[in-house]
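[1] Sequence plus the predicted model coming up.
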Amino acid sequence: MQQVALHYGRGELVLAIPDEYAVTAFAPRPADEPVTYERFRAEFIGRGGLAAIRGEPVVVVNDGFRRTPTALVLEWLDRIDSGLLDRASFLAATGTHGTPSEEDWGKIFGRFRERVRARTAVHDCRDAGSMTRLGEDPLGGEVYVNRAVLGTRPVVVIGSVEPHYFAGYTGGRKGIFPGMVDLATTERNHNLARAMAAAPLRLAGNPVAEHLQALMDRIDGARFFSIQAVLDAAQRVAGVFCGGMTESFQRATVLADQIYAFRGAGPFGTVLAELRPPLDRNLYQLQKAVENCQAAVADGGALVVVSACAEGMGSPHFADLATRWDPGGNAPRDGGPATFGSHKLSRVVAIARRIAVRVHTEMKDDEVRRVFYEPLDNVANFLYLRRDACENNNLAVVYDAGHTVLTA
């Protein structure tokens, strides 16, 4: 008998795996050597960072749903220029997310929370008065961007790069697009994710990624300076890439691949995946594990995701949208156009047609089924039953599946 321990809620879920399974474990790889202040300083200054922080820059930071080491980057910047945090303003790139909680703010800014509180604002994708028209995107829709990042002040974007389940990679331009745009623009972009070519680790040929790049190309990149971190398995900073928005992002994706990507894995008859904080908060975020692992599951195989989802659904809109979604036709019941959030439902339904998707959570079964997932109460029993029913007894155990990616 083999034993596997997965993160679950505030503790662990320990499972006994039948010996008939051939188990392969996957997890983000450790950094050869974590980034030090000296390495950051050399990269930052060498890429022109001192010019970017003169005057009163706008510093764009991620919200609480990213593992971006914002507080550490601010610590380093404070050592380079001790007055920067007192003259800069800070803007949280929430995209369509809500305002960060006070706990989230503490994680974002660390010991600098009170120092920057009075100069911190939050992007609101529904507040037209806070945005300026940028023009039209390739889809013919009007694009509005938070005017704070389209003014005359320099903009410093602090982000982190890791695989993203339909944009290819998060970080980089996502701090502005969709982090700082109107809801309609984000909706157009995310609706492109209904195409399965929108996949983790993929940029070329990915309609979502190509739309984001087209938006990025419409702004004056000279005013933007990017600081993009890549974290390793222990959430240490494995690399920091500074400079222009596109160039720093592209360099960071190379390291992100080395840490998070396992190409050509499988096929596995069964994949067992865990989610870790902060992505284990709710069912809405759980989908990242499904998308990151599903390509390595053999046709007719099973994917089991373990995530406590202590905050429940995570998005009332997501649950409401599901009541108007026809899983048979994989389209809105009224035959109308797909609306914001449809891409998530569409992809869940499409993936479940190829493989069995089961989720082990603390949520009620009927809540889980509302958005077309199938709940699983007893993971160990499920594995025992599959042991005899499945010809492919190759089992992948994927740790930190919200970031670890397996491709066929």
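    Good, I have the coordinates.
[2] residue boundaries of the strands in the stretch 201-350 of the chain?
    In the stretch 201-350 of the chain, strands defined by DSSP state E, counting those that start in this stretch lie at 224-231, 237-243, 261-262, 268-274, 297-306, 325-326, 331-332, listed in chain order.
[3] Any idea which of those gets closest to V357?
    strand 297-306 (5.2 Å; C-beta to C-beta). Where C-beta positions appear, they are placed from N, C-alpha and C, glycine not excepted.
[4] Starting from that closest one, tell me which strands it pairs with and how they run.
    strand 268-274 (parallel), strand 356-360 (parallel) (DSSP bridges).
[5] and the longest one, what's its mean pLDDT?
    When the per-residue pLDDT values of strand 268-274 are averaged, the result is 97.
[6] which of the strands paired with strand 297-306 is buried the deepest?
    Comparing the strands paired with strand 297-306 by mean neighbour count (mean count of other C-beta atoms under 10 Å), strand 268-274 comes out on top with a mean of 28.
[7] quick revisit: right, and the strands paired with strand 297-306 - which one's nearest S82?
    When the strands paired with strand 297-306 are compared by C-beta to C-beta, strand 268-274 sits nearest S82, at 41.4 Å.
[8] what's the closest one in contact with?
    Contact with strand 268-274 is made by 4, 6-8, 13, 15, 21, 24, 289-290, 292-294, 296-298, 301-307, 379, 383, 386, 390-401, 406, as judged by C-beta atoms under 8 Å, 6 or more residues apart in numbering.
[9] still on that earlier bit, for Y260, find the nearest of the strands paired with strand 297-306.
    strand 268-274 (13.5 Å).
[10] Just the C-alpha atoms of the closest one, please, in CSV.
    The C-alpha coordinates for strand 268-274 follow below in CSV (Å, rounded to 0.1, in the frame of the first residue of the first chain):
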residue,chain,number,x,y,z
PHE,A,268,-2.6,8.7,-17.1
GLY,A,269,-5.7,6.7,-16.3
THR,A,270,-6.2,8.7,-13.2
VAL,A,271,-4.9,12.1,-12.0
LEU,A,272,-5.1,13.2,-8.4
ALA,A,273,-4.6,16.9,-8.0
GLU,A,274,-4.4,19.2,-4.9
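[11] Excluding sequence neighbours, find me the nearest residue to R354.
    D299 (6.0 Å; C-beta to C-beta, 6 or more residues apart in numbering).
[12] for the one you found, what are its contacts?
    Applying C-beta under 8 Å, 6+ apart to D299 gives the contacts 267, 354-355.
[13] and it, how far is that from A310?
    The spacing between D299 and A310, counted by C-beta to C-beta, to the nearest Å, is 33 Å.
[14] Equivalent analysis for F112, please.
    28 Å.
[15] Compare those two (neighbour count), which wins?
    Neighbours were tallied for F112 and for A310 using other C-beta atoms under 10 Å; the higher tally belongs to F112 (17 against 13).
[16] Regarding the more buried one, what is its secondary structure?
    helix (DSSP: H, G, I helix; E, B strand; the rest coil).
[17] Surely it and L74 touch.
    Yes. Applying C-beta atoms under 8 Å, one finds F112 in contact with L74, separated by 5.4 Å.
[18] joint contacts of those two?
    Joint contacts of F112 and L74 (C-beta under 8 Å, 6+ apart) are L85.
[19] per-domain residue ranges of the chain.
    2-28+263-406, 37-260 (automatic domain parsing).
[20] distance of the residue lying closest to S226 once chain neighbours are set aside from P337?
    Excluding the flanking residues, the one nearest S226 by C-beta to C-beta, 6+ apart is S248, at 4.3 Å. Applying C-beta to C-beta, the value for S248 to P337 is 36 Å.
[21] Please apply the same query to T99.
    On the measure of C-beta to C-beta, T99 and P337 end up 29 Å apart.
[22] Between those two, tell me which one has more neighbours.
    Taking other C-beta under 10 Å, T99 and P337 do not tie; T99 has more neighbours (14 against 10).
[23] Touching, the more buried one and V122? I think so.
    Yes. Using C-beta under 8 Å, T99 is in contact with V122, at 5.0 Å.
[24] tell me, what's touching the two both at once?
    In contact with both T99 and V122: A92, using C-beta under 8 Å, 6+ apart.
[25] Just give me the residue right at the centre of the protein.
    H164 (5.0 Å; C-alpha atoms, centre = their mean).
[26] List the residues that contact I227.
    44, 49, 73, 156-159, 240-242, 248 are the contacts of I227 under C-beta under 8 Å, 6+ apart.
[27] make it 6 Å
    Remark: with contacts taken as C-beta atoms under 6 Å, 6 or more residues apart in numbering, I227 is in contact with 73, 158, 242.
[28] Next one: it, what pLDDT does it get?
    The score at I227 is 98. That number is its pLDDT.
[29] any idea how far R119 is from A229?
    Taking C-beta to C-beta, one finds R119 at 22 Å from A229.
[30] do K107 as well
    Separation of K107 from A229 (C-beta to C-beta): 15 Å.
[31] How about Y144?
    Separation of Y144 from A229 (C-beta to C-beta) stands at 28 Å.
[32] Those two: which has the busier surroundings?
    A229 (25 against 22).
[33] isn't the more buried one right up against R67?
    No. The pair A229 / R67 is not scored as a contact, 9.0 Å apart, by C-beta atoms under 6 Å.
[34] Would you map the helices across this structure?
    Ranges of helices within the chain are 37-46, 49-52, 70-80, 84-87, 102-109, 113-116, 183-191, 207-216, 245-260, 283-293, 316-323, 342-354, 365-370, 379-389, based on DSSP state H.
[35] how about CSV for the ones you listed, with mean pLDDT and distance to T94 added?
    Putting the helices of the chain into CSV (pLDDT from 0 to 100; distance: least, C-beta to C-beta, whole Å) gives the following:
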stretch, mean pLDDT, distance to T94
helix 37-46, 98, 26
helix 49-52, 96, 23
helix 70-80, 98, 14
helix 84-87, 98, 21
helix 102-109, 94, 10
helix 113-116, 97, 16
helix 183-191, 95, 11
helix 207-216, 96, 17
helix 245-260, 97, 19
helix 283-293, 95, 14
helix 316-323, 87, 15
helix 342-354, 93, 18
helix 365-370, 96, 25
helix 379-389, 88, 34
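[36] Right, I'll call it a day here.
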